[in-house]
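Asker: Predicted model follows, preceded by the sequence.
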Amino acid sequence: MNIESTLPSIERSTALLERCEAVIPARTQTLAKGPGQYVRGVSPVFAQRGKGAHLWDVDGNRYLDYTMAVGPLVLGYGHDAVNDAIRAQLADGITFSLMHPLEVEVAEQIQSMVPGIEMVRYSKTGCDVTTAAVRLARAYTGRSTVLCCGYHGWHDWYIGTTDRSLGIPQAVKDLTYTFTYNDIESVRQSIDSDTAAIILEPMVVDEPHETFLHELRELCTQHGIVLIFDEMWTGFRIARGGAQERFGVQADLVCYSKAIANGMPLSVLAGKADIMRLLDKDVFFFTTFGGEALSLAAAKATMHVIATESVLATIEQRGDHLRDQIQSLIADIGIDWLSIKGLGSRTMLAIARPLDEALLVKSFIHQELLRHGILWNGFHNLSLAHTENDIADTLEAYDDVLPRLFDLVSAGRLAEHIKGVPMEPVFRRTGNFNTKPRQGATA
Ligand SMILES: Cc1ncc(COP(=O)(O)O)c(C=O)c1O
């Protein structure tokens, strides 16, 4: 690999960002890929194209990409089978005045890949389906409150639990509680007679404790609560049947998006027929583009590749190697505040420093990896297109960056080596941000 000592030139990105700031509030449509998630003035901001595991920015620089569109690109950019499927469908049409056969075919395909799926509906974004799942749970149980853990999208019922809740009525905020991952007691304490649903990401980067998901399942069954797995990240990534298959636990409703269509906008609500059947009439969940055929064609092709080739095992094996080698590099240098977590398909550098300093550390790693032609902002979201050579190049880059990081932190000189505006915190909480006392409990 040609290691560039200079940072990429980003004139076109910078000029576009200036125009963007005048016309687009918050600058980005997707927080996790916006300019705040990269070192401002150093990092590219706008992408031109992608192929395989590589992204080209608008200035013509090429990067090995570890963000991969924040999750969807499990097969890599522009996978041939997916592109062919989209092209073939495009020749026939995108969206029609009648339903399309792909709606049925893809539903049957999901049924065959994921254990226990009885019925399937589609929409466009992750929060469409988490919100539909919550509405269904309320309808099914006749109860109102929701317990959640993880990130579930921008809609009122969830975002009201966070510090970005301006515009959401208090009455709505009062209906969602949070609990702590891997802490079954925090769930038990929050359940009451009005709990309709427990929704969680079954895994982010920490694996579930041996009994956690099973106990959650039991609690839900015992109390008549609908268990919803938000599998935006785990679906079609950590196993063909997602977290349900990997951890051997069956939810009542499951939500997918991201990897299922390798970059096309599709989300899926799936689960048990007795709950899903409420969508026949009583619960309203319809949208203009729900049956849009390009995304369904992409999903069909993506799932076919995942089902028939050794995709997920290959990704995990390469990612495990990357994780283990980075961990041993960290240990060799002796950085006791840095570690790497997660299953191989998605790993994260965990920085155990106060927030301001952690952001400087993250910014330095991001900036210095750019010099090696690597685009990284915290996670390694692997795809089938990340080759063993790519992993070897990445390890070579870390071998250059981490010792320098350690020396600068030890010398208290890290800040002066960040060449732009440091990264902003990621908006994501999986802990007890708004845990509330049990209804009727005394303070
Ligand atoms: C676990 C999880 N749930 C829900 C969502 C919301 O999905 P969307 O942004 O497509 O609405 C996301 C988005 O990143 C997510 O990671």
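Answerer: Noted; the coordinates are in hand.
Asker: separation between the residue of the chain found nearest the ligand and residue 120?
Answerer: Per CB to the nearest ligand atom, residue 126 is where the chain lies closest to the ligand, at 2.2 Å. Where you see a C-beta, it was placed from the backbone N, CA and C, and this is true even at glycine. Counting by CB to CB, to the nearest Å, the gap from residue 126 to residue 120 is 16 Å.
Asker: quick one: which of the two has more around it?
Answerer: Neighbour count, other CB atoms under 10 Å: between residue 126 and residue 120, residue 126 has more, with 24 against 21.
Asker: Tell me the spacing between that one and residue 199.
Answerer: Residue 126 sits 12 Å away from residue 199, going by CB to CB.
Asker: Does the residue of the chain closest to the ligand touch residue 267 like I think?
Answerer: Yes: applying CB atoms under 8 Å, one finds residue 126 in contact with residue 267, separated by 5.4 Å.
Asker: which neighbours do these two share?
Answerer: Residues touching both residue 126 and residue 267 (CB atoms under 8 Å, 6 or more residues apart in numbering): 255, 257.
Asker: what is in contact with residue 126 and residue 199 at once?
Answerer: 152, 230.
Asker: At the contact with the ligand, which residues of the chain appear?
Answerer: Neighbours of the ligand within the chain, by CB under 6 Å from any ligand atom: 125-127, 130, 150-153, 201, 230, 232-233, 257.
Asker: In terms of pLDDT, where does the closest residue to residue 360 other than its chain neighbours sit?
Answerer: Of all residues not flanking residue 360 in the chain, residue 414 sits nearest, at 5.1 Å (CB to CB, 6 or more residues apart in numbering). On pLDDT, residue 414 comes in at 97.
Asker: List the contacts of residue 414.
Answerer: Contacts of residue 414 (CB under 8 Å, 6+ apart): 357, 360, 361, 364, 405, 408.
Asker: Any chance you could give me stretch 72-82 in CSV, C-alpha atoms only?
Answerer: C-alpha atoms of stretch 72-82 as CSV (Å, rounded to 0.1, in the frame of the first residue of the first chain):
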residue,chain,number,x,y,z
PRO,A,72,-26.3,-1.3,4.6
LEU,A,73,-23.5,-2.4,2.3
VAL,A,74,-23.0,-5.9,3.6
LEU,A,75,-21.9,-7.1,0.1
GLY,A,76,-20.0,-3.9,-0.7
TYR,A,77,-20.7,-1.0,-3.0
GLY,A,78,-22.1,-1.8,-6.4
HIS,A,79,-22.3,-5.6,-6.0
ASP,A,80,-22.8,-7.1,-9.5
ALA,A,81,-25.7,-9.4,-8.7
VAL,A,82,-27.6,-6.6,-6.9
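Asker: Show only the entries of the residues of the chain next to the ligand found in helices.
Answerer: Mapping those onto helices (DSSP state H) picks out 126, 127, 130.
Asker: If you tally nearby residues, what's the number for the closest residue to the first one other than its chain neighbours?
Answerer: Excluding its sequence neighbours, the residue lying closest to residue 126 (CB to CB, 6+ apart) is residue 257, at 4.2 Å. Counted with other CB under 10 Å, the burial measure for residue 257 works out to 29 neighbours.
Asker: How about residue 375?
Answerer: 23.
Asker: just residue 51 next, same as before
Answerer: By other CB under 10 Å, 13 other residues sit near residue 51.
Asker: That one pairs with what?
Answerer: Beta-bridge pairing for residue 51 (DSSP bridges): residue 54.
Asker: sec struct for residue 269, please.
Answerer: Counting by DSSP: H, G, I helix; E, B strand; the rest coil, the backbone at residue 269 sits in strand.
Asker: What about it, how many residues nearby?
Answerer: By other CB under 10 Å, 25 other residues sit near residue 269.
Asker: so what's the residue lying closest to it once chain neighbours are set aside up against?
Answerer: Closest residue to residue 269 apart from its sequence neighbours, by CB to CB, 6+ apart: residue 129 at 4.1 Å. By CB under 8 Å, 6+ apart, the contact list for residue 129 reads 121, 123, 255, 256, 257, 267, 268, 269.
Asker: Take those and write them to JSON lines, including distance to residue 385.
Answerer: Below are the contacts of residue 129 laid out as JSON lines (distance: CB to CB, whole Å):
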{"residue": "121", "distance to residue 385": "30"}
{"residue": "123", "distance to residue 385": "27"}
{"residue": "255", "distance to residue 385": "26"}
{"residue": "256", "distance to residue 385": "21"}
{"residue": "257", "distance to residue 385": "20"}
{"residue": "267", "distance to residue 385": "23"}
{"residue": "268", "distance to residue 385": "24"}
{"residue": "269", "distance to residue 385": "29"}
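Asker: what's the most distant pair in the residues you listed?
Answerer: Greatest spacing in the contacts of residue 129, by CB to CB: 121 and 257 (12.6 Å).
Asker: Please enumerate the shared neighbours of those two.
Answerer: Among the neighbours of residue 121, those also in contact with residue 257 (CB under 8 Å, 6+ apart) are 129, 268.
Asker: Touching, residue 419 and residue 41? I think so.
Answerer: Yes: the criterion here is CB under 8 Å, and residue 419 meets it with residue 41 at 7.0 Å.
Asker: ok, the closest residue to residue 57 other than its chain neighbours to residue 230 distance?
Answerer: Nearest residue to residue 57, sequence neighbours excluded (CB to CB, 6+ apart): residue 44, at 3.6 Å. Using CB to CB, residue 44 is found at 30 Å from residue 230.
Asker: Which one of these two is surrounded by more residues?
Answerer: In terms of neighbours (other CB under 10 Å), residue 230 is the more surrounded of residue 44 and residue 230; the figures are 30 against 24.
Asker: mind listing what that one touches?
Answerer: By CB under 8 Å, 6+ apart, the residues touching residue 230 are 126, 130, 150, 152, 199, 200, 201, 202, 255.
Asker: Kindly recompute the last result at 7 Å.
Answerer: Contact analysis of residue 230 by CB atoms under 7 Å, 6 or more residues apart in numbering lists 130, 150, 152, 199, 200, 201, 255.
Asker: just residue 79 next, same as before
Answerer: residue 262.
Asker: again with residue 286
Answerer: If you count contacts by CB under 7 Å, 6+ apart, residue 286 has none.
Asker: Which pLDDT value belongs to it?
Answerer: At residue 286, the pLDDT value in this model is 98.
Asker: same check, this time on the one 3 residues further on
Answerer: According to the model's per-residue confidence, residue 289 sits at a pLDDT of 98.
Asker: With the one 4 residues further on instead?
Answerer: In the prediction, the pLDDT value recorded for residue 293 is 98.
Asker: burial of the residue lying closest to it once chain neighbours are set aside, as a residue count?
Answerer: Leaving aside its chain neighbours, residue 293 sits nearest to residue 100 (4.8 Å; criterion: CB to CB, 6+ apart). Using other CB under 10 Å, residue 100 is surrounded by 19 other residues.
Asker: so how far is residue 145 from residue 175?
Answerer: Taken as CB to CB, the span from residue 175 to residue 145 is 5 Å.
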